[in-house]
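**Q** Next input, structure requested:
(one chain, ligands or ions: 2)
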Amino acid sequence: MTTIIDGNEIGDQITAGVAACTDTLVGEAVTPGLATVLMSDDGASETYVSMKQQACEEIGIEGFHYEISADEPAETLFSTIDELNADPAVHGILVQMPVPDHVPKRDVLERIDPMKDVDGFHPENVGRLVAGNARYKPCTPHGIQKILAETGVETEGKDAVVVGRSDIVGKPMANLLIQYGPGGNATTTVCHSRTDDLAEKTRNADIVIAAAGVPEMIDGSMLSAGTTVIDVGINRVDADTEKGYELVGDVDFESAKAKADAITPVPGGVGPLTIAMLMYNTVKAASLQSGVDISLP
Ligand SMILES: NC(=O)C1=CN([C@@H]2O[C@H](COP(=O)(O)OP(=O)(O)OC[C@H]3O[C@@H](n4cnc5c(N)ncnc54)[C@H](OP(=O)(O)O)[C@@H]3O)[C@@H](O)[C@H]2O)C=CC1
Ligand SMILES: Nc1nc(=O)c2c([nH]1)NC[C@@H]1CN(c3ccc(C(=O)N[C@@H](CCC(=O)O)C(=O)O)cc3)C=[N+]21
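**A** Ligands and ions are numbered 1, 2, ... in the order given. Next up is the predicted model:
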């Protein structure tokens with residue numbers, strides 16, 4: 001029997017632990033605060049940002065939301081970040097990616113105070129992660145680590161294949177998988193659009209993590225029996241539904257399920273963990289900035 005991993009359930013468990021930490025902080029007169037900044041007219045980005053704000057509300061984290069029109073100069077975004085860096089009520093800052101083409105992404109990430117960088121994208125935090133001394137683990141890869149642990153999937157000594165090398169998902173995921181200790185010690189291959197014979201790589205894997213942004217590109221024929229399949233992809237494809245689209249992953253769910261030992265669905269797989277780990281990092285940020293100790297799950 002293939003296990004269909006329930007990301008909503010695992011996410012809820014983590015969120016409950018984070019909510020308890022929030023209560024501890026509030027009892028010490030520290031209300032964790034998360035600022036989200038959206039500079040895009042993209043519908044999907046708006047959906048994700050509002051989900052993040054809703055999660056804050058449910059847990060008792062104070063949410064601050066900023067919208068900047070996509071045709072504003074980069075300077076407008078920079079000055080918003082400067083204000084949030086200086087605001088003691090804001091412990092975490094998330095600038096929703098992607099930003100418009102005229103805004104230099106690297107300058108945005110470097111502008112955020114690394115102590116408030118709850119995405120973990122600032123070079124200082126990336127460096128710490130690579131050095132094995134992470135402050136804020138990037139939310140999606142950290143969430144995937146939690147999924148694997150909760151599902152009882154051992155990573156040590158296993159062959160893991162990460163499809164995608166983005167700064168948000170692929171690279172930090174591979175870095176976590178090769179760390180020493182629990183959730184790491186995997187022999188990790190990172191594939192991308194220039195990889196020759198991807199199927200040969202994925203067929204040799206015990207764990208496949210698909211984060212390419214290409215609808216249903218990994219199918220059952222590319223997998224060996226018994227593989228754990230983590231589908232990060234969230235693709236909107238045109239469909240005759242109320243919203244006019246349907247969400248599909250980077251994995252062809254039915255054919256992959258037939259081969260897999262365990263598999264995450266889309267939606268309801270990795271996505272809820274990304275949000276849960278963002279709440280986790282925000283509470284950690286509030287603890288680090290206030291000096292109030294908490295024991296995160
Ligand atoms: N569930 C969640 O919480 C989240 C989901 N996502 C989703 O995950 C997916 C990936 O996101 P993100 O990492 O930001 O995407 P990017 O577009 O930044 O990166 C995609 C990566 O996949 C590689 N790639 C593209 N096509 C192929 C191919 N045919 N074969 C092999 N590799 C390929 C690219 O290679 P190259 O570098 O050579 O161009 C690149 O490294 C998207 O669908 C996104 O919506 C993202 C974040 C969170
Ligand atoms: N600075 C920054 N940080 C991010 O973490 C970040 C970002 N930019 N840009 C875009 C990606 C994407 N992302 C998702 C988060 C949750 C779901 C999620 O919860 N999805 C639901 C379904 C959502 C729906 O219905 O559309 C699910 O999979 O069940 C998806 C995608 C965070 N990202």
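
**Q** CA atoms for contacts and neighbours, from now on please.
**A** Fine.

**Q** which residues sit in contact with the residue lying closest to residue 269 once chain neighbours are set aside?
**A** Excluding the flanking residues, the one nearest residue 269 by Cα to Cα, 6 or more residues apart in numbering is residue 7, at 4.1 Å. If you count contacts by Cα atoms under 8 Å, 6 or more residues apart in numbering, residue 7 has them with 147, 264, 268-273.

**Q** So residue 7 versus ligand 1, what's the distance?
**A** For residue 7, the distance to ligand 1 equals 10 Å [Cα to the nearest ligand atom, to the nearest Å].

**Q** what are the phi and psi values for that residue?
**A** Main-chain dihedrals, residue 7, degrees, to the nearest 10: phi -70, psi -30.

**Q** before we move on, the earlier item: out of the contacts of residue 7, which is nearest to ligand 1?
**A** Distance ranking of these against ligand 1, using Cα to the nearest ligand atom, places residue 271 first at 3.7 Å.

**Q** helices or strands up against the host helix or strand of that closest one?
**A** For residue 271, the element it lies in under DSSP states H and E is helix 270-290. In this structure, helix 270-290 makes packing contacts with helix 7-27, strand 33-38, helix 43-59, strand 92-95, helix 139-150, judged by 3 or more Cα pairs under 8 Å, 6 or more residues apart in numbering; DSSP states H and E.

**Q** I'd like the ones you listed as CSV, with distance to residue 66 and mean pLDDT appended.
**A** CSV is the format used below for these (distance: least, Cα to Cα, whole Å; pLDDT from 0 to 100):
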stretch, distance to residue 66, mean pLDDT
helix 7-27, 23, 98
strand 33-38, 5, 98
helix 43-59, 10, 94
strand 92-95, 9, 98
helix 139-150, 21, 98
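
**Q** what comes into contact with the strand or helix carrying residue 172?
**A** Residue 172 belongs to helix 170-177 when assigned by DSSP H and E. Residues external to helix 170-177 that are found in contact with it (Cα under 8 Å, 6+ apart): 126, 129-130, 138, 141-142, 155, 160, 162-165, 183-190, 211.

**Q** among the residues you listed, which are in helices?
**A** Cross-referencing the contacts of helix 170-177 against helices under DSSP state H gives 126, 129-130, 141-142.
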